[in-house]
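1. Here is my input; please provide its structure:
(chains A and B)
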Amino acid sequence: ILNVEQSPQSLHVQEGDSTNFTCSFPSSNFYALHWYRWETAKSPEALFVMTLNGDEKKKGRISATLNTKEGYSYLYIKGSQPEDSATYLCAPQVEAGGTSYGKLTFGQGTILTVHP
Amino acid sequence: EAQVTQNPRYLITVTGKKLTVTCSQNMNHEYMSWYRQDPGLGLRQIYYSMNVEVTDKGDVPEGYKVSRKEKRNFPLILESPSPNQTSLYFCASALLRGGLRNEQFFGPGTRLTVL
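-> Just a heads-up that it's a prediction; the model follows:
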């Protein structure tokens, strides 16, 4: 089982603050990295799928970067809003032959709470 | 509307009584997967399927079976459920174009309680 670590475990910020979280994963045999946003009582929703070292992706106020050589990705939220409150999950994939890249191992997530 | 559906959404059952949770998607996705979510343990993958008749184990496959006889359906079978399988289950699907480097779409979840 892949070792995937997300930090911090939880974060409380004020509306308007910018924030960032980290996802760490094994760098060997890297295939892709997924970021998902999961609101309470809903289903996870995809934010980004990142594949190349140095990738940077952006969706509105949310952006992510990827370093496959050292095995980490950062997720940034600029000007947090209360509706950004959710759990943010990352899931790396590795390529180890056959259909192994279909296996996703999720981190435990970072719980973000944005206070008005 | 493009979606992943799961049935039932809620189920309370007893130890040992076989059950099936259905999952269906209408997006013509090749890839489908099952996850369980437990407090403090996050989302863990049970099984996944790259296409019809191709299934592989995830990180926690013990006690579960799956089948992929049609592209749109990927049922999760618990032959003899036990209380430690009480959990929230999610089904997801994705396109395999360019390999599995595409976002997954999740179903609404099935909350299972095994007494």
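2. which residues does the closest residue in space to B:Trp34 that isn't next to it in sequence contact?
-> Excluding the flanking residues, the one nearest B:Trp34 by C-beta to C-beta, 6 or more residues apart in numbering or on different chains is B:Ile46, at 4.3 Å. Quick note: C-beta positions are derived from backbone N, CA and C, even for glycine. Neighbouring residues of B:Ile46 by C-beta atoms under 8 Å, 6 or more residues apart in numbering or on different chains: B:Ser33, B:Trp34, B:Tyr35, B:Arg36, B:Gly58, B:Asp59, B:Val60, B:Pro61, B:Tyr64, B:Val66, B:Leu76, B:Tyr89.
3. what pairs with the helix or strand harbouring B:Ile46, and is each one parallel or antiparallel?
-> Here B:Ile46 is covered by strand B:42-51, with elements defined by DSSP states H and E. In the sheet, strand B:42-51 lines up against strand B:31-38 (antiparallel), strand B:54-57 (antiparallel) (DSSP bridges).
4. Flag every buried residue along the longest one.
-> Judged by neighbour count (16 or more other C-beta atoms under 10 Å in any protein chain shown), strand B:31-38 contains these buried residues: B:Tyr31, B:Met32, B:Ser33, B:Trp34, B:Tyr35, B:Arg36, B:Gln37.
5. and the nearest residue to B:Cys91 once chain neighbours are set aside, how many neighbours?
-> Spatially, and ignoring its direct neighbours in sequence, B:Cys91 is nearest to B:Cys23 (3.4 Å; C-beta to C-beta, 6+ apart). Per other C-beta atoms under 10 Å in any protein chain shown, the neighbour tally for B:Cys23 reads 24.
6. and the residue of chain B nearest chain A?
-> Among all residues of chain B, B:Glu103 sits closest to chain A, at 3.2 Å; criterion: C-beta to the nearest C-beta.
7. for B:Val114, what are its contacts?
-> B:Thr13, B:Val14, B:Thr15, B:Pro81, B:Ser82, B:Pro83, B:Asn84, B:Gln85, B:Thr86.
8. Kindly report the residues of chain A close to chain B.
-> A:1, A:31-32, A:34, A:36, A:43-46, A:49, A:51, A:89, A:91, A:93, A:99-109 (C-beta under 8 Å from any C-beta of the partner chain).
9. Good, we can wrap up now.
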